[in-house]
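K.L.:
Quick one: sequence plus predicted model below, questions after.
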Amino acid sequence: MIYVKTQSGQEAFKDRRGVLTPRQRSAFLLFDGRRSLDQVLAATAAMGITQIDVQSMISHGLLEPLIARTAGSAPASALSAAHSTFATSALPDAVESISKLPYADAAEAAIPSEASQRSTSERYQSAYRIATELTATLGLRGLPLTLAVEAAGGYKELLALAPKIKAAVGESKFARLEQALLG
């Protein structure tokens, strides 16, 4: 079964209401109308996300089956546009132009080939966890960066934030994140 975010789910995520736990927020991002429930559960298994967490998001009206959405309220192309708009609008101005950031060229080079053991999705999942952990230690002064990390919808966006994270937390703490992104 494929699930998508509802409008109230996107608002709850954006407003950071208490309905979603921190680990559910990570899983919530993956429900984009393209990944199946099994794929999302497999990708978030290391974080401890279970069917119960997904059922909780469904019962709170944060997720709905893609079938219900396409049959009722919006076509799939509108869903994709809405998701894209939501993800882009949440990014700070400095991140919107990924091509201008120092790590942008590294993003293309760092995307693993078929021979590599880790996919960009796996790299994103491990790097996202480390990035949120690092930025959370910054307190209020790091809030904009924390929000930018949470809004990063993919590997390239997270890689583009890497220089800002490195500047904020220092090179020694950043080494873990760099290894997760590029290693």
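P.N.:
Received, thanks. Residues are numbered from 1 along each chain as shown.
K.L.:
Let me see the ranges of the helices in this protein.
P.N.:
7-15, 22-30, 37-44, 51-59, 66-71, 76-89, 93-96, 104-110, 120-136, 143-151, 155-169, 171-182 (DSSP state H).
K.L.:
May I have the phi/psi pair for the residue nearest to the spatial centre of the chain?
P.N.:
Taking C-alpha atoms, centre = their mean, the centroid of the chain lies closest to residue 153, which sits 4.1 Å from it. Phi and psi for residue 153, reported as degrees, to the nearest 10, are phi -90, psi 0.
K.L.:
Please tell me I have it right and it contacts residue 29.
P.N.:
Yes: contact status for residue 153 versus residue 29: in contact at 6.7 Å, counting by C-beta atoms under 8 Å. C-beta: built from backbone N, CA, C; applies to glycine.
K.L.:
Give me the below-cutoff pLDDT ranges for this structure.
P.N.:
The model of the chain has pLDDT under 70 over residues 17-18, 68-116.
K.L.:
now with 50?
P.N.:
72-115 (pLDDT under 50).
K.L.:
What's the end-to-end length of stretch 128-146?
P.N.:
11 Å (C-alpha to C-alpha, to the nearest Å).
K.L.:
Please apply the same query to stretch 135-149.
P.N.:
8 Å.
K.L.:
and if you look at stretch 130-149?
P.N.:
Stretch 130-149: ends 10 Å apart by C-alpha to C-alpha.
K.L.:
separation between residue 176 and residue 182?
P.N.:
Using C-beta to C-beta, to the nearest Å, residue 176 is found at 12 Å from residue 182.
K.L.:
Could you do residue 38 as well?
P.N.:
29 Å.
K.L.:
Which one of these two is surrounded by more residues?
P.N.:
Neighbour totals were compared for residue 38 and residue 182, and residue 182 leads with 16 against 10 (other C-beta atoms under 10 Å).
K.L.:
Residue 148 contacts residue 160, doesn't it?
P.N.:
No: using C-beta under 8 Å, residue 148 is not in contact with residue 160; the gap is 9.4 Å.
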